[in-house]
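Trainee: have a look at this fold, sequence not included:
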Ligand SMILES: Nc1ncnc2c1ncn2[C@@H]1O[C@H](COP(=O)(O)OP(=O)(O)OP(=O)(O)O)[C@@H](O)[C@H]1O
Ligand SMILES: O=P(O)(O)OC[C@@]1(O)O[C@H](CO)[C@@H](O)[C@@H]1O
């Protein structure tokens, strides 16, 4: 089974506005609510590709209830822990002259609630895959990603990590199967530029040297580079289309990659499906559905190439 972990799910309030001025009253042109958080998005994308997963994590308050109901209505199996204090955050995704995001910090999670969460992970087996992604509410221990990565290694579970900074870096010693930083995250992690392919390659290789088996660097409209454990490097150009909302494109890439890799074990095909899923979501309001992903897949699959 594939399990996604979202410590900090979110109700995404996606709005467009003709203009946005800080310090002024602004008005929206369109508004949508989509249920998200990185792991939840991965589960939604996996579901779109007929791949079963169970969404784990913490929800709270009326927003948490709405999120659980909403994703279950989509057909996702969830096993969230409902925490007592606070509420699941509402993240603003504003599309005006530029894309602006305002992400909340999330509810208060108690020691007992965290204990119940780890009890659920006790049942993992080497047949399972765990996707660990997104930010962590302040009330959780700083080394929570490392704790989960260690557990995954001990249990022989395949681990995929998509997070920024120290969260991702702290998992490397436990040899995650795949890490997926975007280019900015990669650059910030090492306080080094990641503008050229050579620079990205040097930093991705450093992630591998520190323990990651495979590294997928997403570069939004510039495509993605995949560095495999067997030493190959693949490049996938981004799909062509009209950008609607890139929120969740990275999560969709992870979901598409995983759905295909679980089926075929083929890195090149997995990169093509990840690219299709990422692009399809960038061209949608929420996480893309099957038909859009497949249409984009047709247009991108021939462009994936081995560069080393
Ligand atoms: N504007 C776009 N046009 C085409 N494809 C895109 C676009 N934006 C994203 N993608 C596809 O999705 C993949 C992941 O996007 P990106 O690098 O923005 O991830 P991310 O920063 O992790 O996203 P997020 O945090 O919003 O989920 C890209 O590698 C690309 O294949
Ligand atoms: O604050 P985090 O956890 O880093 O990111 C949360 C988030 O921006 O990630 C998803 C897109 O990747 C959205 O659904 C959600 O609002």
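Mentor: Sure, I can see it. Keep in mind it's a predicted model, so treat the numbers as computed, not measured. Numbers count the residues shown, from 1 in each chain. Ligands and ions are numbered 1, 2, ... in the order given.
Trainee: close to ligand 2, is stretch 27-46?
Mentor: Yes - counting by CB under 6 Å from any ligand atom, ligand 2 is contacted by stretch 27-46 at 36, 37, 38, 41. Quick note: C-beta positions are derived from backbone N, CA and C, even for glycine.
Trainee: mind listing what's buried along that stretch?
Mentor: For stretch 27-46, burial by neighbour count (16 or more other CB atoms under 10 Å) applies to 33-46.
Trainee: shaky segments in the stretch 101-250 of the chain?
Mentor: For the stretch 101-250 of the chain, no stretch is flagged by pLDDT under 70.
Trainee: what residues does it have near ligand 2?
Mentor: Close to ligand 2, as judged by CB under 6 Å from any ligand atom, the stretch 101-250 of the chain has residues 103, 134, 135, 247, 248, 250.
Trainee: mind listing what residue 248 touches?
Mentor: 36, 38, 41, 281, 286, 287 (CB atoms under 8 Å, 6 or more residues apart in numbering).
Trainee: whichever residue of the stretch 101-250 of the chain sits closest to ligand 1: neighbour count?
Mentor: For the stretch 101-250 of the chain and ligand 1, the shortest gap (CB to the nearest ligand atom) falls at residue 250, measuring 2.0 Å. Residue 250: 26 surrounding residues under other CB atoms under 10 Å.
Trainee: contact partners for the nearest residue to residue 288 once chain neighbours are set aside?
Mentor: Using CB to CB, 6 or more residues apart in numbering and skipping residues adjacent in sequence, the residue nearest residue 288 is residue 280, 3.5 Å away. Going by CB under 8 Å, 6+ apart, residue 280 touches 239, 252, 288, 292, 293, 295, 296.
Trainee: nearest to ligand 2 among these?
Mentor: residue 252 (8.7 Å).
Trainee: so how far is residue 308 from that closest one?
Mentor: Distance from residue 252 to residue 308, counting by CB to CB, to the nearest Å: 26 Å.
Trainee: on that earlier part again, which one among the residues of stretch 27-46 next to ligand 2 gets closest to residue 17?
Mentor: Nearest to residue 17 among these is residue 36, at 20.0 Å by CB to CB.
Trainee: list the contacts of the closest residue to that closest one other than its chain neighbours.
Mentor: Ranked by CB to CB, 6+ apart and with sequence neighbours excluded, the top spatial neighbour of residue 36 is residue 12, at 4.5 Å. Residues counted as contacts of residue 12 (CB under 8 Å, 6+ apart) are 33, 34, 35, 36, 90, 91, 93, 247, 286.
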